[in-house]
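Asks: coordinates only, no sequence provided:
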């Protein structure tokens, strides 16, 4: 899988799920938050990392927040540790089409529904309480906002 086809394949899945692309990231805006997916090229290997950010609208209105400025930040592999190998193998340049197909299937069946859940405060609270974000960077302002009833 080469870089152009990788980005095109990912973009196709995300666009069909309602994401908007801008400046190399994909954005899904909901009532309470915006979810950002960003591809980061590895400095050490021919692969991409998928970074996930969640921007809480109650903490400031921003249409296209940068993933590294989001109130919640994580790597996709830390949010889906049971699928880390599929993510790693599927995001490797020069990898097999089967590995990429498995990664795309994970995006469609797990990642997109996860992102949709994160669009509402209730979904974020539920994931926080379940420990899904245990390896994520969560700003204090976001923790406070999610703790409010």
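Replies: That came in fine, so what should we check first? All values reported here derive from a predicted model rather than from experimental measurement.

Asks: C-alpha from now on. contacts and neighbour counts both.
Replies: Noted.

Asks: which residue, other than its chain neighbours, is closest to the most centrally placed residue in the chain?
Replies: The C-alpha lying nearest the average C-alpha coordinate of the chain belongs to residue 52 (Cα atoms, centre = their mean; 3.2 Å). Once flanking residues are discounted, residue 52 sits nearest to residue 37: 4.8 Å by Cα to Cα, 6 or more residues apart in numbering.

Asks: helix or strand: which one has that neighbour?
Replies: Here residue 37 sits within strand 33-41, counting by DSSP states H and E.

Asks: could you do residue 144 as well?
Replies: Secondary structure (DSSP H and E) places residue 144 in helix 140-147.

Asks: just the buried positions in the top helix by length along the chain, please.
Replies: Ranked by residue count, the top helix of the chain under DSSP state H comes out as helix 3-16. Along helix 3-16, these residues count as buried under the neighbour rule (16 or more other Cα atoms under 10 Å): 3, 6, 10, 11, 13, 14.

Asks: elements contacting it?
Replies: strand 20-22, helix 97-106 (3 or more Cα pairs under 8 Å, 6 or more residues apart in numbering; DSSP states H and E).

Asks: quick check: mean pLDDT of that helix?
Replies: When pLDDT is averaged along helix 3-16, the result is 92.

Asks: go ahead and name everything in contact with it.
Replies: Contact partners of helix 3-16, identified using Cα atoms under 8 Å, 6 or more residues apart in numbering, comprise 20, 21, 26, 91, 93, 104, 107, 108, 112.

Asks: and the first one, what pLDDT?
Replies: The one in question is residue 20. pLDDT, residue 20: 97.

Asks: residues contacting it?
Replies: Per Cα under 8 Å, 6+ apart, neighbours of residue 20: 14, 26, 27, 28.

Asks: follow-up on the earlier one: any chance of the contacts of helix 3-16 in CSV, with distance to residue 72 too?
Replies: Below are the contacts of helix 3-16 laid out as CSV (distance: Cα to Cα, whole Å):
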residue, distance to residue 72
20, 19
21, 20
26, 16
91, 22
93, 28
104, 23
107, 19
108, 22
112, 17
